[in-house]
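S.K.: how would this look folded up:
(one chain, ligands or ions: 2)
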Amino acid sequence: MESGHQIEATNIAYFRRRYDCEHGPRIEQTEFTGGQDDMRASDCIFCKIVAGTSDSQEIYQDETTLAFMDIRPANDGHCLVIPKAHFETVFDMTPAAFAGVGSTVAKVARAVNEVLRPGGVSLIQANGELAGQSVLHVHVHVLPRRTDDNLLINWDRNSNNERRFDRERIAEIAERLRSRLRG
Ligand code: AMP
Ligand code: ZN
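M.R.: Ligands and ions are numbered 1, 2, ... in the order given. Presented below is the predicted three-dimensional model:
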C-alpha cells in the first residue's frame, strides 16, 4: 500500500516545480524549468555537463534533454540520455517530463542500432542506490549488446518452482498496481 506520507511528499515536489514555473528560477540550477532546486544540483556532474562547465562527448540535444557518451563505458557505444533539469530519480519527475527523456532515448537507441549494428540494445535506468544508481541525476543507459559481451543484467528466466513465478502471487501484485494506477 502506498503511504499517505509518500503521496504528500510527491505533491510537495509538484508544487515546488509549479512555483518555479510561475515565479522563475530561485537559483541558477533551475535554468531548465522543472528541475529540483536544492543545493545537490550545484555539485552534480551531469548538471555541470549540461552547463558546459564539465566536458562530455555530446551526441544529441533538444530543448529539455541531452545525450552523451558514458565516460566509463560498459562496452563500445554505451551512452547516456538525461533531462537537462536536475531530477534525482524518476519519482521526482512528472510523467510528461520523463516522456521527453523517453523520446530522446528512442532516437539515440535507433542511431546506436543503425550505426554500430550490435546484436541488440539494452535500455537501463536506475532509481536509488539499491537499484545501482551512482549518479543522482536521472539518466537512461543506452547499451549496445553483443554476443558474449558478458554484461550481467540477466535474471534467471528458467528455474522452476520459484515463489516469484506463482500465478496467484503475480495476479495479487497486478491488482495492487492496477488499483494504484487507477487512482
Ligand atoms: P549509474 O551507476 O546507473 O548511476 O550510472 C552512472 C553512469 O555515469 C556510469 O556509467 C558512469 O560511468 C557515468 N558517468 C559518471 N561521470 C560521468 C561523466 N563525467 N561523463 C560521462 N559519464 C559519466
Ligand atoms: Zn544534476
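S.K.: residue ranges with poor pLDDT in this structure?
M.R.: By pLDDT under 70, the weakly predicted segments of the chain are 1-34, 37-41, 154, 161.
S.K.: around ligand 2, which positions in it sit nearby?
M.R.: When proximity is defined by CB under 5 Å from the ion, the chain lies next to ligand 2 at 44, 46, 47, 86, 137. (Glycine included, C-beta is placed from N, CA and C.)
S.K.: got a list of what the residue nearest to the second one when sequence neighbours are not counted touches?
M.R.: What that stands for is residue 46. Once its chain neighbours are removed from consideration, residue 46 has its nearest residue in residue 137; the separation is 3.9 Å (CB to CB, 6 or more residues apart in numbering). Contact analysis of residue 137 by CB atoms under 8 Å, 6 or more residues apart in numbering lists 44, 45, 46, 47, 82, 86, 87, 88.
S.K.: nearest to residue 182, of those residues?
M.R.: Comparing the contacts of residue 137 against residue 182 with CB to CB places residue 87 closest, at 25.3 Å.
S.K.: pretty sure the closest one is in a strand, no?
M.R.: No - note on residue 87: no strand contains this position according to DSSP: H, G, I helix; E, B strand; the rest coil, which reports coil.
S.K.: nearest to residue 147, of the contacts of residue 137?
M.R.: Using CB to CB, the contacts of residue 137 come closest to residue 147 at residue 82, 29.2 Å.
S.K.: next one: the closest one from residue 94, what distance?
M.R.: Distance of residue 82 to residue 94, computed by CB to CB, to the nearest Å: 16 Å.
S.K.: these two: which is more packed in?
M.R.: In this comparison of residue 82 against residue 94, neighbours counted by other CB atoms under 10 Å, the higher total goes to residue 82 at 24 against 13.
S.K.: assign the more buried one to helix, strand or coil.
M.R.: Reduced to three states with three-state DSSP, the structure at residue 82 is strand.
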